[in-house]
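**Student:** below are the sequence and a predicted model for it; my questions follow.
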Amino acid sequence: MPSLSRNDPRQYDDLADQWWRPGGVFELLHWLAEARARLIPPASRPGAILLDAGAGAGLLAPHVAGKGYVHVGVDLRQSGLNLAAARGVRVIRGDVTALPLASASADVVAAGEILEHVTDLPATVAEITRVLKPGGLVVLDTLNDTVLSRFVTITAGEAIGVAPKGLHDGALFVDPRRLTAEFARHGVRLEVRGARPSAPGLLRWLLLHHQPNGRPLGRILPTRSTAVLYQGRGRKEEETA
């Protein structure tokens, strides 16, 4: 196969064996999935739908398994969806800019580490909010459109192995002001906060490249600065009579 351009989703097929490898190249995504799950409350009704938009290999699954949701994962790459299905996720192959779900069908939409990969942010936000029920919750995390974020994620991150080479295109990183404005257009008041990996965990990952005794190497912590990584949480407005 010829060399792929930055942000080409086919790269995930080549890295499929890394999704669930302890201490592998996707280690940080496991920490992010756990942090994302902390923003998701238990289901408020039987059969509540949690849509995992850009589900990858279903890394969110173990962290929401006891919360009472029907966990539905949408992603472009079948290689990741096969792994997600093996962990109990109901998978659908599809594009986050044209989600294959009915309008107002999801109680929660989780969009983790996907928004910095889409080439049409307005269409993606429109789809997330379309499938979300009135009163439904959206949770997300993504990378900020800053020089610092591009340096940490691409220039330095790829050099030291924190991020796989070629998976990110800094031109697609997302300014939180732009993102909150897009969600506001569709009736969701998004609140954002900065996030960062724990320093000891990050150091252990870089030095060890495995999880001793199967224990997580680190976690994602809230921080004041949104300059590199940030989380978002918001509810869709209820319908009025």
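**Tutor:** Structure's in. What do you need?
**Student:** could you pull out the strands for the chain?
**Tutor:** 49-53, 70-75, 90-93, 106-112, 132-143, 191-197, 220-223, 229-235 (DSSP state E).
**Student:** His30 is nearest to which of those?
**Tutor:** The stretch from the strands of the chain with the least distance to His30 (Cβ to Cβ) is strand 220-223; that distance is 9.8 Å. For every residue, glycine as well, the C-beta is placed using N, CA and C.
**Student:** to His168, which of the strands of the chain lies closest?
**Tutor:** strand 132-143 (7.4 Å).
**Student:** what is the helix or strand bottoming out on mean pLDDT in the chain packed up against?
**Tutor:** Scoring the helices and strands of the chain by mean pLDDT, DSSP states H and E places helix 199-208 at the bottom, with a mean of 85. Under the contact definition 3 or more Cβ pairs under 8 Å, 6 or more residues apart in numbering; DSSP states H and E, helix 199-208 sits against helix 27-38.
**Student:** got the buried residues for the helix it packs on?
**Tutor:** Across helix 27-38, burial judged by 16 or more other Cβ atoms under 10 Å covers Glu27, Leu28, Leu29, His30, Trp31, Leu32, Ala33, Glu34, Ala35, Arg36, Ala37.
**Student:** what's the angle between it and strand 132-143?
**Tutor:** 150 degrees (axes from the mean of the first three to the mean of the last three Cα atoms, to 10 degrees).
**Student:** other residues contacting helix 27-38?
**Tutor:** 56, 59-60, 63-64, 67, 110, 112-113, 139-141, 162-163, 195, 197, 201, 205, 216-220, 231 (Cβ atoms under 8 Å, 6 or more residues apart in numbering).
**Student:** starting at the chain centroid, how far to it?
**Tutor:** 8 Å (Cα atoms, centre = their mean, to the nearest Å).
**Student:** that one - what's its average pLDDT?
**Tutor:** Over the span of helix 27-38, the pLDDT mean works out to 96.
**Student:** now do stretch 7-23
**Tutor:** Mean pLDDT, stretch 7-23: 92.
**Student:** stretch 117-125 now?
**Tutor:** pLDDT averaged over stretch 117-125 gives 97.
**Student:** hey, C-alpha coordinates of it in CSV?
**Tutor:** C-alpha atoms of stretch 117-125 as CSV (Å, rounded to 0.1, in the frame of the first residue of the first chain):
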residue,chain,number,x,y,z
HIS,A,117,-10.3,14.0,12.7
VAL,A,118,-13.4,15.2,10.8
THR,A,119,-13.1,17.4,7.7
ASP,A,120,-16.6,18.8,8.2
LEU,A,121,-17.1,19.9,11.8
PRO,A,122,-20.5,21.7,11.3
ALA,A,123,-22.0,18.6,9.7
THR,A,124,-20.6,16.4,12.5
VAL,A,125,-22.1,18.6,15.2
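**Student:** can you pull the buried residues of it?
**Tutor:** Buried, per 16+ other Cβ under 10 Å, within stretch 117-125: His117, Val118, Leu121, Thr124, Val125.
**Student:** make TSV out of those and add distance to Asp175.
**Tutor:** TSV is the format used below for those (distance: Cβ to Cβ, whole Å):
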residue	distance to Asp175
His117	15
Val118	14
Leu121	10
Thr124	15
Val125	13
